[in-house]
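Enquirer: what follows is a protein structure lacking sequence information:
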């Protein structure tokens, strides 16, 4: 009971409080621990956690294949992909650099045999070249190496495909959200239209008259939301469009060059003022939540990490 419950709580409480309150204490030893030692410990623990997570994922995929559950074919693909990447990353260097002295010309080959063949071809042409194997660890980031080639030509396109598919779900959710059912939804609709149009080149070509017409239509939507009267809405929209046209003509609003309601300027204001304020409020809320959760761990109120409900 002591080793499984109280010792973990004591360790988490001590190091958690030291890391949390150390930011408010002017002490070089504590700051060095937070900036260097604690960060390295976190990286080491996170590495082991990732390794255990990968093993657990592999175990679940194997069980799915053995029991022939629904979608077990995808589990086979996941297992093979994991094993291929694991073997290439840990046991195959896959990066042999052929370097021509006194020049900036370099070529990287997957195997040593291919690199030696390239050196022999250069030697037949009277060019001296040398082979430098990439160091272990650095070989996964060497341009032209096997692991880097897999990352750039397989993983990256697949990730881009996943995000491209996600765009369709975002568009569907936006279609459901951008409906002027109430005042808040109308504001969201208006801000979304201004930002989307203002961030494309055509936005700078749209006259400020268009923005005034758009505001008239938005106010008409609000009138319809609260009063549910078609006659009142159509009357407002007609009078508003006529009024904007007459007022703009009499005051000399420019048609070709946007003036007060310049779409790029409006979208920049929305993006930098209300959006930034909302983002900061969310970050403040996240920070307060992190502090409260940390205090719960430090004082032993949160025990889920030791198996307690």
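Expert: That came in fine, so what should we check first? In this text, all values refer to a predicted model and were calculated from it rather than measured experimentally. Numbering: from 1, shown residues only.

Enquirer: contacts, neighbours, all on C-alpha from now
Expert: Fine.

Enquirer: domain parsing for this structure?
Expert: With automatic domain parsing as the criterion, the domains of the chain are listed as 2-89, 93-164, 178-272.

Enquirer: isn't residue 131 up against residue 117?
Expert: No: here residue 131 lies out of contact with residue 117, judged by CA atoms under 8 Å, at a distance of 10.7 Å.

Enquirer: neighbour-wise, which of these two wins?
Expert: For the pair residue 131 and residue 117, the greater number of neighbours falls to residue 131 (19 against 11), based on other CA atoms under 10 Å.

Enquirer: of all the domains of the chain, which one is nearest residue 287?
Expert: In this view, the domains of the chain are compared for proximity to residue 287 by CA to CA, and domain 2-89 is the closest at 12.3 Å.

Enquirer: quick revisit: closest to residue 295 out of the domains of the chain?
Expert: Distances from residue 295 to each of these were compared using CA to CA; the minimum, 8.0 Å, belongs to domain 2-89.

Enquirer: what about that closest one, average pLDDT?
Expert: For domain 2-89, mean pLDDT is 82.

Enquirer: neighbours of residue 235, just the number please.
Expert: 12.

Enquirer: typed the wrong thing, it's residue 155
Expert: 13.

Enquirer: and if you look at the one 5 residues further on?
Expert: If you count neighbours by other CA under 10 Å, residue 160 ends up with 11.

Enquirer: is it in a helix, a strand, or coil?
Expert: Using DSSP: H, G, I helix; E, B strand; the rest coil, the secondary structure recorded for residue 160 is helix.

Enquirer: can you tell me how far it sits from residue 151?
Expert: For residue 160, the distance to residue 151 under the criterion CA to CA, to the nearest Å works out to 12 Å.

Enquirer: equivalent analysis for residue 143, please.
Expert: For residue 143, the distance to residue 151 (CA to CA) stands at 11 Å.

Enquirer: next one: the helix or strand hosting residue 226 to chain centre, how far?
Expert: Take DSSP states H and E as the rule and residue 226 turns out to sit in helix 208-227. Relative to the centre of its chain, helix 208-227 is centred 35 Å away, using CA atoms, centre = their mean, to the nearest Å.

Enquirer: and what of stretch 279-297?
Expert: That offset, for stretch 279-297, works out to 20 Å (CA atoms, centre = their mean).

Enquirer: ok now the host helix or strand of residue 9, how far from the chain's centre?
Expert: Secondary structure from DSSP H and E places residue 9 in helix 7-21. Averaged C-alpha coordinates place helix 7-21 at 31 Å from its chain's average position (CA atoms, centre = their mean).

Enquirer: now stretch 41-52
Expert: For stretch 41-52, the distance between its averaged C-alpha position and the chain's averaged C-alpha position is 22 Å (CA atoms, centre = their mean).

Enquirer: quick check: residue 277 vs residue 193, distance?
Expert: For residue 277, the distance to residue 193 equals 20 Å [CA to CA].

Enquirer: same thing with residue 248?
Expert: In this structure, residue 248 and residue 193 are separated by 23 Å, where distance is defined by CA to CA.

Enquirer: just checking, residue 76 touches residue 64?
Expert: No: counting by CA under 8 Å, no contact exists between residue 76 and residue 64, whose distance comes to 9.1 Å.

Enquirer: give me the more crowded residue out of the two.
Expert: Summary of the neighbour comparison: residue 76 and residue 64, criterion other CA under 10 Å, with residue 64 having more neighbours (18 against 15).

Enquirer: circling back: what helices or strands is the helix holding residue 226 leaning on?
Expert: Helices and strands in packing contact with helix 208-227 are listed as helix 183-198, helix 230-251; criterion 3 or more CA pairs under 8 Å, 6 or more residues apart in numbering; DSSP states H and E.

Enquirer: just send those back as CSV, with mean pLDDT and distance to residue 224 too.
Expert: CSV is the format used below for the helices and strands packed on helix 208-227 (pLDDT from 0 to 100; distance: least, CA to CA, whole Å):
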stretch, mean pLDDT, distance to residue 224
helix 183-198, 76, 11
helix 230-251, 82, 6
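
Enquirer: nearest to residue 291, of these?
Expert: Put simply, out of these the one that sits nearest residue 291 is helix 183-198, at 31.2 Å, with distance taken as CA to CA.

Enquirer: in the closest one, what counts as buried?
Expert: Judged by neighbour count using 16 or more other CA atoms under 10 Å, the buried positions of helix 183-198 are 183, 186, 189, 190, 192, 194, 195, 197, 198.
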